[in-house]
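>>> Let's see this in three dimensions:
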Amino acid sequence: MTSGAASHCCMSALEARLDWRSAGASHSDRLIVDTRACQADGRWMRAAEALCGGRQLVELDATPWLQPRGLDPARIPAQRWRLPGAPVAGRFYPRVAFPDLAQGPRDLRPVRLLEVAEDTLRVDANHALAGREITFSLRSHAGEAAPGTRLQELFDGPGLQAPPADTAAAYLGLDGFGRRDETEDGLFYGRPRLVHHLDAVCRREIAGLYARFLRPGLRVLDFMSSWESHLPDEPSDLHVAGLGMNRDELMANPRLSERVVKDLNQRADLPWGDAVFDLVLCTASVEYLLRPLEVLREARRVLRPGGVCVLAFSDRWFPDKAIRVWSELHPFERLGMVLGLLAAAGFGDAHTQTLRGLKRPEDDKYAAQRAQADPLFAAWGVA
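Down below sits the predicted model:
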């Protein structure tokens, strides 16, 4: 597709998508780009031309962009570690943490630390998706892409949500659950905040995600709730129970049928009997839980067999109240931590979904600073 062809293409935006599996979970990663992003590679140009010609979907071989691959694990002297804090086996780190692997002082490509021995660090320097069966596809998209997004960005991050062999050792150490602000949560959340913490595009996409799990008459638990439950308008006959920290915020939420004020960091038990909900939702809040595994075990207890627990978040949070490990992880790796928590809590049939690249609303207060809408990261499992 030439520049002129791109400008006359029938589509304004494309959805580039990776579908793949890790042990125990399936994954879908989507990036929305302007059609002109395809000009960077002839294979993308030909795929876009096929879509303009009437094809609904075009699949491509992802291998050229999943590099490096086929490398044996590298063994690096432990004293060559270059980041603050002790290295943790199972986590991903930027290559600059290991000078022997970095190709320059700004090489942030992630590598997984496989083993920490007394004198040696063993590192997998392959692309996080190398060696996996990947479906890479392009299709048209009705939304508006953020300007300047490169299609190559699709391959930056996916793969990191594959949990390590020992999730508890990698992510759930007690030192990772400290917080910058350890004052009582009731004081921090005591003042109602009737403001949106995510932009309108991200909120719309969260509602669309939740809609996939809804049917008329379902009983839904929105825990760590506030003045908005991020639910679509339909179905309107849901029974929604909201559990949150601020009574005024809960009272301002028109979707709630029940309201419970409770600090899950004080007591993780949920005040409902067994198997009373069909769906449990948590939006942009899992990063504030001091005992997330206990809470998710409770979520599974109150779900009926076959019920689903969905955890959705973005890359914005209150840094003073989030657990320390959250800020230490790559955004995609946070999904790996959440998957590990869901599995440990007894959930199965796990899935993750990510969405990036949509244009931020022009009236959003951060529009001048960030062209892209807030990204969506979501994980869910079945009770």
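
>>> And the strands in the stretch 51-200 of the chain?
Ranges of strands within the stretch 51-200 of the chain are 58-60, 74-77, 92-94, 110-116, 120-124, 135-141, based on DSSP state E, counting those that start in this stretch.

>>> I'd like these laid out as CSV, including mean neighbour count and mean pLDDT.
Where C-beta positions appear, they are placed from N, C-alpha and C, glycine not excepted. CSV is the format used below for the strands of the stretch 51-200 of the chain (neighbours: other Cβ atoms under 10 Å; pLDDT from 0 to 100):
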stretch, mean neighbour count, mean pLDDT
strand 58-60, 16, 97
strand 74-77, 15, 96
strand 92-94, 21, 98
strand 110-116, 19, 97
strand 120-124, 19, 98
strand 135-141, 19, 97
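
>>> Can you convert the ones you listed into a markdown table and add a column each for distance to P192?
Below are the strands of the stretch 51-200 of the chain laid out as a markdown table (distance: least, Cβ to Cβ, whole Å):
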| stretch | distance to P192 |
| --- | --- |
| strand 58-60 | 49 |
| strand 74-77 | 50 |
| strand 92-94 | 38 |
| strand 110-116 | 39 |
| strand 120-124 | 47 |
| strand 135-141 | 37 |
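
>>> Identify whichever of these lies nearest to R267.
Closest to R267 of these is strand 92-94 (Cβ to Cβ; 33.4 Å).

>>> So what are the sheet partners of the closest one and their directions?
Paired strands of strand 92-94, with direction, are strand 110-116 (antiparallel) (DSSP bridges).

>>> Alpha carbons only: can I get the strand it pairs with in CSV?
Only the C-alpha atoms of strand 110-116 are listed here, as CSV (Å, rounded to 0.1, in the frame of the first residue of the first chain):
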residue,chain,number,x,y,z
PRO,A,110,12.1,-7.6,29.0
VAL,A,111,13.9,-10.8,29.9
ARG,A,112,12.8,-13.4,32.4
LEU,A,113,15.0,-14.2,35.4
LEU,A,114,14.8,-18.0,35.7
GLU,A,115,17.0,-18.7,38.7
VAL,A,116,18.9,-16.8,41.4
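
>>> residues making contact with that strand?
Applying Cβ atoms under 8 Å, 6 or more residues apart in numbering, the contact partners of strand 110-116 are 73, 78, 86-95, 98, 101, 121-126, 128, 160, 164, 330, 333.

>>> Just the buried ones from the residues you listed?
When these are checked for burial by 16 or more other Cβ atoms under 10 Å, the buried set is 87-95, 98, 101, 121, 123-126, 128, 160, 164, 330, 333.

>>> Narrow the contacts of strand 110-116 to those in helices?
Counting by DSSP state H, the part of those found in helices is E333.

>>> just to revisit the earlier point, quick one: closest of the strands of the stretch 51-200 of the chain to T35.
Checking those against T35 by Cβ to Cβ gives strand 135-141 as the closest, at 8.8 Å.

>>> Okay, now the sheet partners of the closest one, with direction.
strand 13-22 (antiparallel), strand 58-60 (antiparallel).

>>> Among these, single out whichever gets nearest to S140.
When the strands paired with strand 135-141 are compared by Cβ to Cβ, strand 13-22 sits nearest S140, at 6.3 Å.

>>> Start and end of stretch 357-372, how far apart?
From its first residue to its last, stretch 357-372 covers 6 Å (Cα to Cα, to the nearest Å).

>>> Oh, that last question was meant for stretch 135-153, not what I typed.
Termini of stretch 135-153 sit 16 Å apart (Cα to Cα).

>>> next one: it to chain centre, how far?
On the basis of Cα atoms, centre = their mean, to the nearest Å, stretch 135-153 is displaced by 18 Å from the centre of the chain it belongs to.

>>> Then stretch 293-306?
Per Cα atoms, centre = their mean, the centroid offset for stretch 293-306 relative to its chain is 20 Å.

>>> Please write out the alpha-carbon positions of it in PDB.
Below are the C-alpha coordinates for stretch 293-306, written out as PDB (Å, rounded to 0.1, in the frame of the first residue of the first chain):
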ATOM      1  CA  LEU A 293      -5.500 -14.300  47.700                       C
ATOM      2  CA  GLU A 294      -7.800 -14.400  50.700                       C
ATOM      3  CA  VAL A 295     -10.200 -12.000  49.000                       C
ATOM      4  CA  LEU A 296     -10.300 -14.000  45.800                       C
ATOM      5  CA  ARG A 297     -10.900 -17.200  47.700                       C
ATOM      6  CA  GLU A 298     -13.900 -15.400  49.200                       C
ATOM      7  CA  ALA A 299     -15.000 -14.300  45.700                       C
ATOM      8  CA  ARG A 300     -14.900 -17.900  44.600                       C
ATOM      9  CA  ARG A 301     -16.900 -19.000  47.700                       C
ATOM     10  CA  VAL A 302     -19.800 -16.600  47.000                       C
ATOM     11  CA  LEU A 303     -19.900 -17.500  43.300                       C
ATOM     12  CA  ARG A 304     -22.100 -20.200  42.000                       C
ATOM     13  CA  PRO A 305     -20.400 -23.100  40.200                       C
ATOM     14  CA  GLY A 306     -19.600 -21.800  36.700                       C
END
